[in-house]
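1. Build me a model from this:
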Amino acid sequence: MNELTSAQDWADLNHFKEDNEQLEAPTPYENRIVFMGNSITQGWSDARPEFFADKPIIERGISGQTTAQMLLRFRQDVINLNPKVVVILAGTNDIAGNTGPMTLEQIMENIISMCELAEINGIKIVLSSVLPAFDYPWSPGKSPNIKIPALNEMIKNYADNNGYIYLDYFTAMTDGNNGLKPELTYD
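-> Now for the predicted structure:
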């Protein structure tokens, strides 16, 4: 396959290409975990590299990504890395409209597709709630304070119905008005 130019690489498939190629296969007893997500996932390893050091954790977050983009890179950035577990945190950039308008149902369908791919490949699934946001500075007027709790309910129900772990960040991070606590954000 030829290298994609950035204009052609809508899902940013080249972002982790070299890192993925340099990764060794997990040992039989390694409990490798891949964190799949957007800037929030990317930011964890940037902000707290010592937490991730010397652990079988692979961060595959790309700033601004939507569930459609994550779904396109799921095979190379999750399945091909042979993790035991994938932690998926996705949906806020879809609500913001980063790659065009998306309904909550369409967002959920992409999340379900990632889960189905993981499950058929023997990867355990942890679904994360979307973090609170009252509004998006880069995309105002999208009502994330209303849509995120509704999407989180859909994610939680799907996780519960399928025996997946649901990781609730929202409750611990909300300011009480469905926005992110000010001390937890830069914007």
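
2. how near is M114 to I123?
-> According to C-beta to C-beta, to the nearest Å, M114 stands 10 Å off from I123. For glycine as for every other residue, the C-beta is placed from the backbone atoms N, C-alpha and C.

3. shared neighbours of these two, which are they?
-> Here M114 and I123 have 78, 86 as joint contacts, going by C-beta atoms under 8 Å, 6 or more residues apart in numbering.

4. Next one, pLDDT for the nearest residue to G97 once chain neighbours are set aside please.
-> In space, and not counting its chain neighbours, G97 is closest to S139: 5.6 Å by C-beta to C-beta, 6 or more residues apart in numbering. Model confidence at S139, given as pLDDT, is 95.

5. ok, how many other residues are close to S139?
-> 13 (other C-beta atoms under 10 Å).

6. Show the model's pLDDT score for E50.
-> Looking at E50, its pLDDT reads 88.

7. Is it in a helix, a strand, or coil?
-> Secondary structure state of E50, per DSSP: H, G, I helix; E, B strand; the rest coil, is helix.

8. Quick one: residues contacting the residue nearest to G97.
-> By C-beta under 8 Å, 6+ apart, the residues touching S139 are 96-98.

9. Which parts of this structure are strands?
-> Assigned strands in the chain, in chain order: 33-37, 57-61, 85-88, 124-128, 165-167 (criterion: DSSP state E).

10. Turn the ones you listed into TSV, columns for distance to Q106.
-> Output for the strands of the chain, formatted as TSV (distance: least, C-beta to C-beta, whole Å):
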stretch	distance to Q106
strand 33-37	18
strand 57-61	21
strand 85-88	16
strand 124-128	17
strand 165-167	20
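
11. Tell me which of the ones you listed lies nearest to N14.
-> strand 57-61 (13.1 Å; C-beta to C-beta).

12. Tell me the helices and strands packed up against the closest one.
-> Other helices and strands packing on strand 57-61, by 3 or more C-beta pairs under 8 Å, 6 or more residues apart in numbering; DSSP states H and E, are strand 33-37, helix 39-47.

13. most packed of these?
-> Comparing the helices and strands packed on strand 57-61 by mean neighbour count (mean count of other C-beta atoms under 10 Å), strand 33-37 comes out on top with a mean of 24.

14. Quick one: list the elements packing against that one.
-> Looks like strand 33-37 contacts strand 57-61, helix 67-77, strand 85-88 (3+ C-beta pairs under 8 Å, 6+ apart).

15. Mind doing that once more with 6 Å?
-> Packing partners of strand 33-37 (3 or more C-beta pairs under 6 Å, 6 or more residues apart in numbering; DSSP states H and E): strand 57-61, strand 85-88.
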